[in-house]
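In: Just need the structure, nothing else, for what follows:
(one chain, ligands or ions: 1)
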Amino acid sequence: MSHLTCHGLAAAIGGRTIVSGVDLDVPRGSMLAVVGRNGSGKSTLLRALTGLRRPVAGTVQVDGVDLADLTPRQRATRLAHVAQEDGPPEDLLVGEMVAMGRIPHRPPWALDAKGERHLVLAALEHVDLADKVNHPCQHLSGGERRRAMLARGIAQGSDLLVLDEPTNHLDVHHQIQLLETVRSLGCTVIAAVHDLQLAAAHFDAVAVLHDGRLHGVGHPADVLTPEVLREVFDVEARHLTDPATGRVHLVVGAGAPVPAHRKAHA
Ligand SMILES: Nc1ncnc2c1ncn2[C@@H]1O[C@H](COP(=O)(O)OP(=O)(O)OP(=O)(O)O)[C@@H](O)[C@H]1O
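Out: Numbers count the residues shown, from 1 in each chain. I've put the predicted structure just below:
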């Protein structure tokens, strides 16, 4: 069943069209990676998908409801957006910042988070930061800040997470842990991702943006082909089968195959 769909979506900044003609159908509970070169329009597309940037053409529907018909508060209960540039306000404690994710669920002007501390702690546990709940945000490292912002998105309690480069600044352990965590939440996830190997290994589908147009969307193995990677990213890549697991992995920047006569001497 579709959770988010968009048809003929176009978004512009300052009168310049950045993305156009985007059709997506994201099933509930699935994870979609949006990949593309710098400036291809990934962040702009994500902002249009969340309603933060009003489309200049096309529609976005969440659970069959047009986002344009919802107030910002209603949108915030249906989806959580963690932007690339989001950083926690420095003078708040980590727990206070994560509690801000609960604001859409409170009556207007209810400023405190009574009875919600367990939700805040659970969100922080998901990102391995529960021990930092009483720390000032300004004491967090770059990777911890990214994880804290994700915790705020999780605390928001919606079942659709739109994440702009969630694994940026994270060490390899926390990159994988973060993707496994969002998978375990059972949410629908749409994430802009630069690491193509992570996109191939952890996502159900990949959408490739090229110059603001959707170049292809589908299963990672069908979309992240050596031909597409050469055409879109100008890199050489190959699919290799892991002899231990039988799983097919994407090797990006693989270079030209070693000629047989050189292998023989290796
Ligand atoms: N506030 C802005 N004002 C003017 N142009 C902008 C603005 N934000 C983005 N752009 C332009 O829109 C285009 C797409 O930017 P966007 O941030 O969506 O790309 P991206 O694929 O997310 O890039 P990256 O991988 O570098 O994060 C770029 O050409 C960028 O310069």
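In: Look up which residues are beta-bridged to residue 60.
Out: residue 6 (DSSP bridges).
In: where do the helices sit along this protein?
Out: Along the chain, counting by DSSP state H, helices occupy 42-50, 72-78, 94-99, 117-126, 142-155, 172-185, 196-202, 220-223, 226-228, 260-265.
In: Pull up the per-residue confidence for the nearest residue to residue 180 once chain neighbours are set aside.
Out: Leaving aside its sequence neighbours, residue 180 sits nearest to residue 202 (CB to CB, 6 or more residues apart in numbering; 7.7 Å). Backbone N, C-alpha and C define where each C-beta goes, glycine included. On pLDDT, residue 202 comes in at 92.
In: give the contact list for residue 202.
Out: By CB atoms under 8 Å, 6 or more residues apart in numbering, the contact set of residue 202 is 31, 33, 176, 179, 180, 183.
In: Just give me the neighbour total for the first one.
Out: By the criterion of other CB atoms under 10 Å, residue 31 has 23 neighbours.
In: Now do the residue of the stretch 151-266 of the chain found nearest the ligand against residue 209, distance only.
Out: Residue of the stretch 151-266 of the chain nearest the ligand, by CB to the nearest ligand atom: residue 192 (6.0 Å). According to CB to CB, to the nearest Å, residue 192 and residue 209 sit 9 Å apart.
In: Overlap of the contact sets of these two?
Out: 34, 35, 42.
In: what's the closest of those residues to the ligand?
Out: Nearest to the ligand among the shared contacts of residue 192 and residue 209, with distances taken as CB to the nearest ligand atom, is residue 42, at 3.6 Å.
In: From what I see, that closest one and residue 164 are in contact.
Out: Yes - assessed by CB atoms under 8 Å, residue 42 is found in contact with residue 164 at 7.4 Å.
In: And the pLDDT for the residue of the stretch 151-266 of the chain closest to the ligand?
Out: 97.
In: Just to check, it is in contact with residue 42?
Out: Yes - using CB under 8 Å, residue 192 is in contact with residue 42, at 4.0 Å.
In: Could I get the helices of the chain in TSV, plus columns for distance to the ligand?
Out: Below are these laid out as TSV (distance: least, CB to the nearest ligand atom, whole Å):
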stretch	distance to the ligand
helix 42-50	3
helix 72-78	20
helix 94-99	23
helix 117-126	25
helix 142-155	14
helix 172-185	17
helix 196-202	13
helix 220-223	17
helix 226-228	16
helix 260-265	36
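In: quick one: which of those helices is nearest residue 242?
Out: Nearest to residue 242, of all the helices of the chain, is helix 196-202, at 10.6 Å by CB to CB.
In: circling back: now for residue 192 and residue 42: what residues contact both?
Out: 34, 35, 164.
In: Would you list the buried entries among those residues?
Out: Buried members of the shared contacts of residue 192 and residue 42, scored by 16 or more other CB atoms under 10 Å, are 34, 35, 164.
In: what's across from the second one in the sheet?
Out: I take that to be residue 35. Residue 35 has these beta-bridge partners by DSSP bridges: residue 208.
In: Find me the pLDDT at it, would you?
Out: So, for residue 35, pLDDT stands at 97.
In: before we move on, what about the last one?
Out: Per-residue confidence (pLDDT) for residue 164: 94.
In: Assess the claim that it and residue 192 are in contact.
Out: Yes - using CB under 8 Å, residue 164 is in contact with residue 192, at 4.9 Å.
In: what residues does the stretch 1-150 of the chain put near the ligand?
Out: With CB under 6 Å from any ligand atom as the criterion, the stretch 1-150 of the chain meets the ligand at residues 13, 14, 18, 36, 38, 39, 40, 41, 42, 43, 44.
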